[in-house]
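Asker: Below: sequence and its predicted model.
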Amino acid sequence: MRCMPPEPPQGPLIGPSIEEVVAALPAWRGRTIGIAPVGGGLTNRNYRVDVDGQPCFVRIPGPATELLAIDRANELHNTRAAASAGVGPRVLEHLPGWDVIVLEWLPGRTMSKPAFAAPDSPERIAAVLRRLHAGPRFQLGFDMVRLTCFYLGVVAERGVQIPAGFRAALPAVGRIEAALARAPLASVPCHNDLLAENYLDDGSRLWIVDYEYSGNNDPTFELGNTCQELGFDDARSAALCTAYFGAADDARLARMHLQMIMSDIGWTLWAAIQARISAIDYDFWGWAEERWARAAANLGGSGFEDWLAAV
């Protein structure tokens, strides 16, 4: 694996308070405002703000998110593109100096791994992903190998602790990269970070939120990433592949499996960096170790060589 990390995008190191955000929006002056924090975020501070009784969602970036390779201009562009595709919320306001985004409030429940145990989940996920992937192109591309390189640069510069054995496995990343490049798929607008909580269910369909890591990418990364995050077994992963592509052949499933490994490798480093820089009360180091253990098991498993050959 040859690392040529990108320049880190620049952003504010310290964000405003929610009260400062409310005061900075001319359209909200003289209105009746209600503020409530929204929990569950792993990077930013999120709020529900009711303006004359109408709810909206306010996202205030966390500190030092440039170290996570988040490009706020790319996020804004892609959030608008996803909204135009009918997949994500509309951008109502934007404060560029603080990179604050105000989004429409989407009614519906935040999804979870248990919620995705429903039998029809693969088909519902495939439907919303096909809609996103057929929408307007995103501003930038996304490549987990390149992002891993970037994170390794941050790790070295900041002296960030990473799980034991991680560096010894890096040659395998080069093998995965070479295998996927032999018959590349056309890139499509991808979310790339499909935790269960980044899906919302309005009762009839799914929506996707939080486009911080979005970019044009191989669709099998999107499929593999969501299977990994939702804990799908092989049968459920094959069902999602079939629902998305129309068939689950060996080559597509192998691509998904290799992309699952890359997803775990990249987000291992993300979590290790978060353990160093984040002020959020969350066990990021435990998260890093969990993902690395899964990636290492797959790299050392009997299926790895078969997946490399099948793609």
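Answerer: Noted; the coordinates are in hand.
Asker: From residue 142, how far out is the spatially most central residue of the chain?
Answerer: For the chain, residue 193 is the residue whose C-alpha lies nearest the centre (Cα atoms, centre = their mean; 1.7 Å). As for residue 193, its distance to residue 142 is 10 Å (criterion: Cβ to Cβ, to the nearest Å). For glycine as for every other residue, the C-beta is placed from the backbone atoms N, C-alpha and C.
Asker: And the strands in the stretch 151-300 of the chain, which stretches?
Answerer: 188-190, 199-201, 206-208, 215-217 (DSSP state E, counting those that start in this stretch).
Asker: circling back to that earlier point, what is the burial count for the residue lying closest to the residue nearest to the centre of the chain once chain neighbours are set aside?
Answerer: Counting by Cβ to Cβ, 6 or more residues apart in numbering, residue 193 lies nearest to residue 213, which is 4.4 Å off, once chain neighbours are set aside. Other residues within reach of residue 213, judged by other Cβ atoms under 10 Å, total 26.
Asker: can I assume residue 213 is in contact with residue 191?
Answerer: Yes. Using Cβ atoms under 8 Å, residue 213 is in contact with residue 191, at 7.5 Å.
Asker: what about the stretch 201-311 of the chain, any weak spots by pLDDT?
Answerer: The model of the stretch 201-311 of the chain has no residue with pLDDT under 70.
Asker: Show me which residues of the one helix or strand residue 80 maps to are buried.
Answerer: Assigned by DSSP states H and E, residue 80 belongs to helix 72-84. Within helix 72-84, the residues that count as buried by 16 or more other Cβ atoms under 10 Å are 72, 74-83.
Asker: and the residues you listed as CSV, adding pLDDT?
Answerer: Shown next, in CSV, are the buried residues of helix 72-84 (pLDDT from 0 to 100):
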residue, pLDDT
72, 94
74, 97
75, 97
76, 97
77, 98
78, 98
79, 98
80, 98
81, 98
82, 98
83, 98
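Asker: now the helices for the stretch 101-250 of the chain?
Answerer: 121-133, 144-158, 170-181, 219-230, 234-245, 250-277 (DSSP state H, counting those that start in this stretch).
Asker: counting contacts, what elements does the first one pack onto?
Answerer: Read it as helix 121-133. strand 188-190, strand 206-208, helix 219-230, helix 234-245 (3 or more Cβ pairs under 8 Å, 6 or more residues apart in numbering; DSSP states H and E).
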